[in-house]
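Engineer: Fold the following for me, if possible:
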Amino acid sequence: MEAQGQARVERRLAAILAADVAGYSRLMEADEEGTLAALRAIRRELGDPKITEHRGRIVKTTGDGLLAEFASVVDAVRYAVDVQRAMAERNTEIPPAKRIKFRIGIHQGDIIVEDSDIFGDGVNLAARLEGLAEPGGICVSGRVHADVVGKLDIGFEDLGEQQVKNISRPVRAFRVQLGTPKAPEETPPALALPDKPSLAVLPFQNMTGDAEQEYFVDGMVEEITTAISRLPWLFVIARNSSFTYKGKGIDVKRVARELGVRYVLEGSVRKSANQVRITGQLIDAVTGSHIWADRFDGALDDIFELQDRVAASVIGAIEPKLRQSEIERATRKPTESLDAYDLYLRALAQFYRYSEERMREAIALLRRALATDPSCAPAAALIGWCWGFQRVQDWGPVSVAEAAEAVRLARLALEVGKDDPDALWMAGNTLSFFAGEHASGASAVDRALILNPNSAHAWMAKGLVSYRQNRPEDAVEAFKRAVRLSPLDPLGYLFTCGLALAHVVARKYKEAVEWADRSLRDAPYFESALRNKVAACAHLDRVEEARNEIARLIELQPDLTIATFKARYAVTFPPEILDIYVEGYRKAGLPEK
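Structural biologist: Numbers count the residues shown, from 1 in each chain. Below you'll find the predicted structure:
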């Protein structure tokens, strides 16, 4: 019974839609007035008319966001789909750096209405779902999915239970597939199992109750994966392929079939104050039986020991006869400074997103890690890899001083991280790329592969150094090993681009075009793949195609000329390789200066 004189709270059931602009800060920094004008035009020409058409109401707007309510869940989702499809069409005529992409989240729930504003858990959930959506994408709750499925010309991808910030209970989430749902495809044949024990370590569940701790949980999995991978007798799928299953409902038999492994390790991480609990279970995916399960509790001060214990237990479950000394060789402690290590994990989380903005953030975090612990080998090695990728993608100039610092830090990483395979391959590549020290770089990469023969990225680095040494056959073999070790790698376009450049150096231009096209299908604006396609097409006398591709390349890199290309890569490539590209670019019509 309500207290006398207490005002009745107005409640109603509604579909709540939250939207924001992905990369808003970057867009505003680049062109504040232009971004604001574009947003006003989008709302005037698209947003407001569609809201009216689908019987919705804009509750409020912020600089980069919007909150709206609909009486019908179907109307809310139809509005979101129409907007995202229209935005995708608008963006085709806009340069990638200036494209505006929205993330949209939708939930159905009880809301409190006060004046013209709305409040309640339903609003909070819609905002959290929006945070799970990809740029240009839509994420909806399980309740919305149940009401909409089959009523609209869209499909859904089940993201499973998600733990989101400030919501105590897990949220079932679905990603909207904006195209027409595809007919079920034939199940592809299973990859053949390797001739030794094979394992995929799946993303662990974040049970910390804080979405901002994802970097910590993912970093834990990466460290465990690397520790296990260092045993030569074990075939371990690379982290990036395993992480394609992050946030999805897991069918271990399907995972094993797609990745070509027998065993699957899954688990969860809880973190409270200074305490960590790691749980894990090892499954024989062929039979579906659980081989092993355990729980590990410890303080953050002992985090490396926890990782070692998990790795050792899994290895022991797969091959009980292994001697303890072999297990101990799987251990790795990148730095004793937990502060620096935490910053390194944060940098890794940004590094794997591979965008201009995220790469800058990774470099800033790595600088902080090195300020905390100047001998942190993984951070010293990773910063050179980041700068190298910036130069390849022309994401802002890499200064002479930065290139020199990359080389200095690579030498430091080789000195203090001589037993760290990731530090070794990154540092080796940096010496080859920025200093032209291909023999020293190759030696570092080879040691990384001795320590961790299952590292797809170390094989990639071997391919990169080999082709710079004008050994294309070795490069092809290395890149193909990388593809096999990480068949679903989100960064697989680097492997296929590597195969393109190796075939260019081998003067097998037809194969080079095929591999470059595969890379560009996954990453349409990857400049290295475009460069290799231009050179290969030109040498095949497919001049018109080469000129079309050089036009795309110049759009991404306006200052590109024969002179700037030679200056940028004079140290990286020996003259005989540089000449192959220069001759191809001249045939394609690239200006000399």
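
Engineer: Can you tell me what sits against the lengthiest helix in the chain?
Structural biologist: In terms of residue count, the longest helix belonging to the chain (DSSP state H) is helix 73-91. Residues outside helix 73-91 that contact it (C-beta atoms under 8 Å, 6 or more residues apart in numbering): 15-17, 19, 42, 46-47, 50-51, 53-56, 68, 70, 99-102, 104, 106, 108, 136-138, 140, 144, 147-148, 151-152, 154, 176, 178. For every residue, glycine as well, the C-beta is placed using N, CA and C.

Engineer: Low-confidence bits of this structure, can you list those?
Structural biologist: Within the chain, the segments meeting pLDDT under 70 span 1-8, 166, 168, 179-190, 195, 212, 231-233, 303, 307-309, 311-338.

Engineer: can you give me the strands in it?
Structural biologist: Along the chain, counting by DSSP state E, strands occupy 10-21, 56-61, 65-70, 102-114, 117-119, 138-141, 155-162, 171-177, 198-201, 205-206, 235-236, 263-272, 275-284, 289-299.

Engineer: So which bits of the first one are buried?
Structural biologist: It refers to strand 10-21. Residues of strand 10-21 classed as buried: 14-21 (neighbour count, 16 or more other C-beta atoms under 10 Å).

Engineer: likewise stretch 561-574?
Structural biologist: Using 16+ other C-beta under 10 Å as the test for burial, stretch 561-574 gives 562, 565-566, 568-569, 572-573.

Engineer: Could you list which of those residues belong to helices?
Structural biologist: Cross-referencing the buried residues of stretch 561-574 against helices under DSSP H gives 562, 565-566, 568-569.

Engineer: of all the buried residues of stretch 561-574, which two lie farthest apart?
Structural biologist: Spatial extent of the buried residues of stretch 561-574 (C-beta to C-beta) is set by the pair 562 and 572 at 15.9 Å.

Engineer: Can you give the contact residues for stretch 431-443?
Structural biologist: Residues outside stretch 431-443 that contact it (C-beta under 8 Å, 6+ apart): 384, 387-388, 391, 403, 406-407, 410-411, 428-430, 444, 462, 464-466, 468-469, 571-572.

Engineer: hmm, which of the residues you listed are the buried ones?
Structural biologist: When the contacts of stretch 431-443 are checked for burial by 16+ other C-beta under 10 Å, the buried set is 384, 387-388, 391, 403, 406-407, 410-411, 428-430, 444, 462, 464-466, 468-469, 572.

Engineer: Tell me how the protein divides into domains.
Structural biologist: Domain assignment for the chain by automatic domain parsing gives 10-177, 198-328, 373-588.

Engineer: Comparing those domains, which comes out most buried?
Structural biologist: Greatest average neighbour count among the domains of the chain goes to domain 373-588 (a mean of 21), per mean count of other C-beta atoms under 10 Å.

Engineer: mind listing the helices for the stretch 301-450 of the chain?
Structural biologist: 303-318, 324-328, 338-351, 356-372, 377-393, 400-416, 421-435, 438-451 (DSSP state H, counting those that start in this stretch).

Engineer: Mind listing what's buried along the third one?
Structural biologist: By neighbour count, and taking 16+ other C-beta under 10 Å as the criterion, the buried residues in helix 338-351 are 340-351.

Engineer: List the contacts of the nearest residue to residue 156 once chain neighbours are set aside.
Structural biologist: With C-beta to C-beta, 6 or more residues apart in numbering as the measure, residue 174 is the residue that lies nearest to residue 156, at 4.4 Å, once sequence neighbours are left out. Neighbouring residues of residue 174 by C-beta under 8 Å, 6+ apart: 139-142, 144-145, 156-159.

Engineer: what's the closest of the residues you listed to residue 536?
Structural biologist: Nearest to residue 536 among those: residue 157, at 35.9 Å, using C-beta to C-beta.

Engineer: Wait, the closest one touches residue 178, no?
Structural biologist: No: counting by C-beta atoms under 8 Å, residue 157 does not reach residue 178; the two are 11.1 Å apart.

Engineer: list the contacts for residue 487?
Structural biologist: Residue 487 is in contact with 191, 237, 241, 258-260, counting by C-beta under 8 Å, 6+ apart.

Engineer: Which of those fall within helices?
Structural biologist: Those of the contacts of residue 487 mapping onto helices are 241, 258-259, per DSSP H.

Engineer: just curious, which of these is nearest to residue 550?
Structural biologist: Closest approach to residue 550 among the ones in helices among the contacts of residue 487 (C-beta to C-beta): residue 241, at 33.3 Å.

Engineer: State the distance from that closest one to residue 437.
Structural biologist: 31 Å (C-beta to C-beta, to the nearest Å).
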